[in-house]
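A.B. asks: Here is my input; please provide its structure:
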Amino acid sequence: MHRVIIVEDEFIVRYGIRSMINWEAIGLEVSGEASNGREALELMTGGLPDILITDIKMPVMDGIELIAEVRKLSQDIKIIILSNLEDFQYAKEAIRHSVSEYMIKSDMMPRDFELALLKLKEGLEGVQRQAPVRASAATQEPVHKENFLTGLIERGPVQGAVDESRLAQAGLAGRRPHYLLHVSFSSGAQPGYGAGSTVICKLLDDIWGSEASGYEMFPDRQGNLNIILTGEPAAQSAASAGTGLLRSRSEELIQHLASGYGWIATIGISGVTGQWAGVGNAYIQAVDAVRQKLFTGNGCVLIHGSEELKARTSSSSVLQISSREIQSMVYAFQTKELTDYLNQLFGQLAVRRDTELVQIITLELLMILTTLWPDVSRDAEQVLELKKQYFDELAMLETLEESQTWFLQAFDELARHMKEMYNSDRNSIIKATQYIQQYYHQEITLRSISRLVHLSKNYFANLFRKEVGESFLEYLTRIRIEKAKTLLTGELKAGDVGSLVGIQDPKYFSKVFKKITGVSPSEYRGLVKKSER
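C.D. replies: Below you'll find the model as predicted:
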């Protein structure tokens with residue numbers, strides 16, 4: 001297995017890189033992590049990696065310096081640079097050191113990252129396969145069946161057709177595919193490819209009987225099993241009988257896997273394909289069908305194009321979430337309103353049956369959670385551990401129902417913690433109002449007053465409104481205008497009065513004064529003098 005080292009100064013980014021890829025499934029192993037170039041070089045004293053993933057801007061030793069040192073050690077190590085868009089000029093320096101890939105963090109999607117890693121892995125394996133003496137051009141290397149089938153689903157046929165000689169070398173000549181079955185095991189109990197394929201082969205023999213000879217089984221890059229039903233008699237009879245027979249036999253296979261081995265499997269079935277050139281499209285259909293377990297749950301058979309997988313509505317409206325609205329409900333302890341909001345949101349997701357939309361929405365909800373917790377906790381280490389826990393738990397969720405339950409519980413936990421904080425922080429608001437009443441004439445900002453009482457800015461702002469009944473700025477302005485009204489009973493100029501209460505701009509002072517009292521400062525002074533006569 002090829003070794004990978006990740007170098008990034010931010011722990012949460014390193015964690016995200018490590019979590020977004022199923023390393024074992026693609027034949028890679030994260031053998032070490034470092035927060036800067038110097039730490040990475042120390043790691044390498046125990047053995048060089050095959051692939052180095054590094055950030056550019058880091059303390060102690062940055063990515064460019066690290067790459068230069070690595071190239072002194074080896075010219076064969078594959079290197080991926082991760083950076084921000086504004087640092088793209090560093091790409092020129094990276095190219096000088098033979099960097100394999102340059103990826104922008106904000107644009108990097110898990111699938112793109114995985115494809116980049118697989119490309120580098122293929123390059124490494126290509127070097128390893130090179131023999132000292134090359135075979136003659138006329139000599140053809142035997143085609144491994146699994147590699148051939150994997151190539152069909154990943155890259156498709158060359159120029160739209162499959163070479164008959166390669167089919168023959170793979171032992172598939174004279175046979176035709178009919179359906180592709182994609183088997184996905186629940187994350188709770190995933191057998192390895194070897195164990196899973198052995199068991200399924202035995203069960204297929206039991207379920208299909210003499211017809212079981214008409215199939216080919218192979219893994220994809222993610223380690224999931226794929227079964228292509230082929231030839232006579234099994235596939236032909238299955239094809240003529242339609243998907244009804246396939247469904248019943250697949251359901252029986254799922255039941256045996258669960259009862260005999262404790263493996264929860266979901267099987268996606270493609271549409272009919274009669275040519276090897278169509279296997280790649282059949283694979284996409286079967287995988288798309290399996291992804292719908294997000295809405296149907298695990299342990300079932302899902303058939304591409306069936307009515308059960310279609311969205312219940314063709315709504316064209318954009319589904320978005322309001323982070324401001326969610327934050328307001330959390331800070332206001334509106335638990336019922338927030339629960340209703342989340343239930344309605346997940347209800348719309350269930351109707352639309354869009355797996356990518358679910359990923360986007362759940363990621364946004366997770367970002368809201370991880371943004372709110374630092375505002376209401378003074379223990380930074382605890383918050384970091386909680387974020388790691390959130391990422392781990394969310395990665396294990398496989399259905400929309402599980403995600404809905406998880407988010408309801410997570411937001412409820414946040415709300416309960418916030419209530420406890422509120423009861424202990426009410427004295428901080430009293431302290432803040434006393435400070436404002438005493439030092440209203442000085443410059444006071446939301447940031448400075450929240451720091452004074454040792455609360456985060458957002459949390460303080462929401463707690464202040466809840467406790468006082470108006471925002472911090474509204475309260476500060478009202479206190480200043482009340483003090484100004486007292487000073488205007490004397491002989492001071494209106495502009496000087498504004499400065500004395502902390503509002504330096506005379507025009508702004510007049511505007512604010514009139515907005516609150518209904519009259520200008522000079523009009524107010526006239527009314528006071530008139531009432532004293």
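A.B. asks: can you list contacts of stretch 398-416?
C.D. replies: 186-187, 293-298, 330, 333, 335, 338-339, 342-343, 346, 349-350, 358, 362, 365, 369, 372-373, 376, 390, 393-394, 397 (CB atoms under 8 Å, 6 or more residues apart in numbering). The way it works is simple: take the backbone N, C-alpha and C, and place the C-beta from them, glycine included.
A.B. asks: ChimeraX command for the buried members of those?
C.D. replies: Selecting only the buried entries of the contacts of stretch 398-416 in ChimeraX, with 16 or more other CB atoms under 10 Å as the criterion:
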select :186,293,294,295,296,298,330,338,342,346,349,350,358,362,365,369,372,373,376,390,394,397
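A.B. asks: Check which element follows the host helix or strand of residue 349 along the chain.
C.D. replies: Applying DSSP states H and E as the criterion places residue 349 in helix 335-352. Next in sequence after helix 335-352, counting helices and strands by DSSP H and E, comes helix 355-372.
A.B. asks: lowest-pLDDT helix or strand in this structure?
C.D. replies: helix 236-241 (a mean of 44; mean pLDDT, DSSP states H and E).
A.B. asks: returning to that earlier point: what helices or strands is the helix holding residue 349 leaning on?
C.D. replies: Contact here means 3 or more CB pairs under 8 Å, 6 or more residues apart in numbering; DSSP states H and E; on that basis helix 335-352 packs against helix 323-331, helix 355-372, helix 400-439.
A.B. asks: Now do the second one: which elements does it pack against?
C.D. replies: Read that as helix 355-372. Counting by 3+ CB pairs under 8 Å, 6+ apart, helix 355-372 packs on helix 323-331, helix 335-352, helix 380-396, helix 400-439.
A.B. asks: CSV please, covering those and showing mean pLDDT and distance to residue 149.
C.D. replies: Formatted as CSV, those follow (pLDDT from 0 to 100; distance: least, CB to CB, whole Å):
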stretch, mean pLDDT, distance to residue 149
helix 323-331, 84, 45
helix 335-352, 92, 33
helix 380-396, 82, 29
helix 400-439, 86, 32
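A.B. asks: Nearest approach to residue 474 belongs to which of the ones you listed?
C.D. replies: helix 400-439 (11.4 Å; CB to CB).
A.B. asks: tell me the mean pLDDT over the lengthiest strand in the chain?
C.D. replies: Ordering each strand of the chain by length in residues (DSSP state E) puts strand 177-185 first. Averaged across strand 177-185, pLDDT comes to 91.
A.B. asks: what's the answer for stretch 244-256, then?
C.D. replies: 90.
A.B. asks: Pull out the buried residues from the helix or strand in which residue 259 is found.
C.D. replies: Using DSSP H and E, residue 259 falls within helix 243-261. Residues of helix 243-261 classed as buried: 243, 246-247, 249-250, 253-254, 256-258 (neighbour count, 16+ other CB under 10 Å).
A.B. asks: which strands and helices sit next to that helix?
C.D. replies: Packed next to helix 243-261, using 3+ CB pairs under 8 Å, 6+ apart, are strand 177-185, helix 193-208, helix 236-241, strand 265-269, strand 301-303.
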